[in-house]
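J.: Build me a structure from this.
(one chain, ligands or ions: 1)
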Amino acid sequence: MKIFIATKNRNKLCELERILRPMGFEVLSENDLENPLPEVEETGKTYEENALLKAHSAFKIAGITTVADDSGLSVDILDGAPGLYSARYSGNGATYSSNNEKLLAALKGVPRDKRTATFVSCIACIFPDGREFTVRGECKGYVAEECHGNGGFGYDPLFVCDAGCYAEMTAEEKDRVSHRGNALRLFKKELKKYL
Ligand code: ITT
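T.: The predicted structure follows:
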């Protein structure tokens, strides 16, 4: 089955492709379009709403079954921040490292047992006949006191779950335990009900 992945984030695309291909999906993305995907204003109040906004916008162009991911890191002691604003936590022109620096500063002096956090990935799927669904995958852990490892992207150097720090895992290890891996396994199950 062909699926269009609606993301402008290359790291995310890489993870979505590497999990979906072995599940048997033929994956298409922005790279297969003549023009870049339009920017989507992420005005939703939930990950689900934002994932649906991104999927609908791309579906208008791709015209085939389309999936989008909206994801983020929710830190308990920060009332869920950066959460929905994970990509732009440190403002306009935010980079992965400026976001990580801001998060470390926000948690300065907070002891390890109070640095608990949850990574969330919500996947929305839109079908050409108008049906749609969303699924949510999570991974619980804590925010480290300094960056670790060289792998992954985004907040991976700071996020530690039972299996270790995301940025110190191989791709296979991360996919086995990550919020996105969990969401995509639920996606595959849910999709069967629609086919
Ligand atoms: P698209 O909307 O085009 O898909 P985006 O990067 O803007 O790309 P989001 O709005 O969902 O996507 O923002 C999610 C942010 O959360 C992302 O930019 C990273 O900073 C962070 N993030 C999500 N998944 C992550 C992961 O597996 N590891 C580390 N950081 C992650």
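
J.: For this protein, which residues are neighbours of the ligand?
T.: 7-9, 12, 42, 54, 69-72, 86-87, 99, 152-156, 166, 178, 180 (CB under 6 Å from any ligand atom). Bear in mind the C-beta positions are built from the backbone N, C-alpha and C, glycine included.

J.: What ranges does the chain have for its strands?
T.: Assigned by DSSP state E, the chain shows strands spanning 2-5, 26-28, 66-75, 116-126, 132-143, 159-161, 164-165.

J.: could I get the ones you listed as CSV with distance to residue 91 and mean pLDDT?
T.: CSV is the format used below for the strands of the chain (distance: least, CB to CB, whole Å; pLDDT from 0 to 100):
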stretch, distance to residue 91, mean pLDDT
strand 2-5, 27, 97
strand 26-28, 32, 97
strand 66-75, 16, 98
strand 116-126, 21, 98
strand 132-143, 19, 98
strand 159-161, 21, 98
strand 164-165, 26, 98
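
J.: Can you name the residue of this structure nearest to the ligand?
T.: residue 154 (2.3 Å; CB to the nearest ligand atom).

J.: Any idea how many residues pack against that residue?
T.: 21 (other CB atoms under 10 Å).

J.: Please name the residues that touch it.
T.: 11, 86, 96, 99 (CB atoms under 8 Å, 6 or more residues apart in numbering).

J.: residue nearest the centroid of this structure?
T.: residue 71 (3.7 Å; CA atoms, centre = their mean).

J.: Surely that one is in contact with residue 123?
T.: No. Using CB atoms under 8 Å, residue 71 is not in contact with residue 123; the gap is 9.1 Å.

J.: returning to what we had before: export the strands of the chain to a markdown table and tack on distance to residue 172?
T.: As requested, the strands of the chain are exported to a markdown table (distance: least, CB to CB, whole Å):
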| stretch | distance to residue 172 |
| --- | --- |
| strand 2-5 | 20 |
| strand 26-28 | 18 |
| strand 66-75 | 19 |
| strand 116-126 | 17 |
| strand 132-143 | 15 |
| strand 159-161 | 15 |
| strand 164-165 | 13 |
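
J.: Thank you kindly, that will do.
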